[in-house]
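**Q** based on what follows, work out the 3D shape:
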Amino acid sequence: MSEKKKNAPPSEVSGLSFEQALAELESIVARLEGGQVDLEESIGIYERGSLLKAHCEAKLKEAHAKVEKIVVSADGAVSAVPQDSAG
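**A** You can find the predicted model right below:
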């Protein structure tokens with residue numbers, strides 16, 4: 001992982017796709033679990049990981065809002081409604 005990516009500003013996180021953010025987050029978790037990172041660097045990458053986690057959660061919430069539920073009405077008509085308005 002490049003130094004620029006490790007210390008990237010939050011605005012750079014917002015430009016990442018879900019997959020990119022998740023891959024970087026997994027890399028951070030592996031580094032922290034490995035125990036080979038000094039304290040200062042651990043704090044920095046932990047903060048970056050927190051931003052990535054929040055970004056991934058926002059992307060998942062956004063995707064969830066787009067998911068539609070297929071509904072069959074009493075007359076047999078099939079339609080799709082947003083998940084939030086599905087009863």
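**Q** you'd agree residue 49 is up against residue 27?
**A** No. Residue 49 lies out of contact with residue 27 (C-beta atoms under 8 Å); the separation is 9.3 Å. (Glycine included, C-beta is placed from N, CA and C.)
**Q** the host helix or strand of residue 40 - what's its average pLDDT?
**A** Counting by DSSP states H and E, the element that carries residue 40 is helix 39-66. Averaging pLDDT along helix 39-66 yields 93.
**Q** does anything pack onto that helix? Which helices or strands?
**A** Here helix 39-66 touches helix 3-6, helix 10-14, helix 18-34, going by 3 or more C-beta pairs under 8 Å, 6 or more residues apart in numbering; DSSP states H and E.
**Q** and those, which is most packed in?
**A** Of these, the one with the most neighbours on average (mean count of other C-beta atoms under 10 Å) is helix 18-34, at a mean of 15.
**Q** next, the angle from it to helix 39-66.
**A** 150 degrees (axes from the mean of the first three to the mean of the last three C-alpha atoms, to 10 degrees).
**Q** who are the packing partners of helix 18-34?
**A** By 3+ C-beta pairs under 8 Å, 6+ apart, helix 18-34 packs against helix 39-66.
**Q** what residues of the helix it packs on count as buried?
**A** Buried positions in helix 39-66, judged by neighbour count with 16 or more other C-beta atoms under 10 Å: 45, 48-49, 51-52, 55-56, 59.
**Q** who's in contact with stretch 21-41?
**A** Contact with stretch 21-41 is made by 1, 5-6, 13, 16, 42, 45-46, 48-49, 52-53, 55-56, 59, as judged by C-beta atoms under 8 Å, 6 or more residues apart in numbering.
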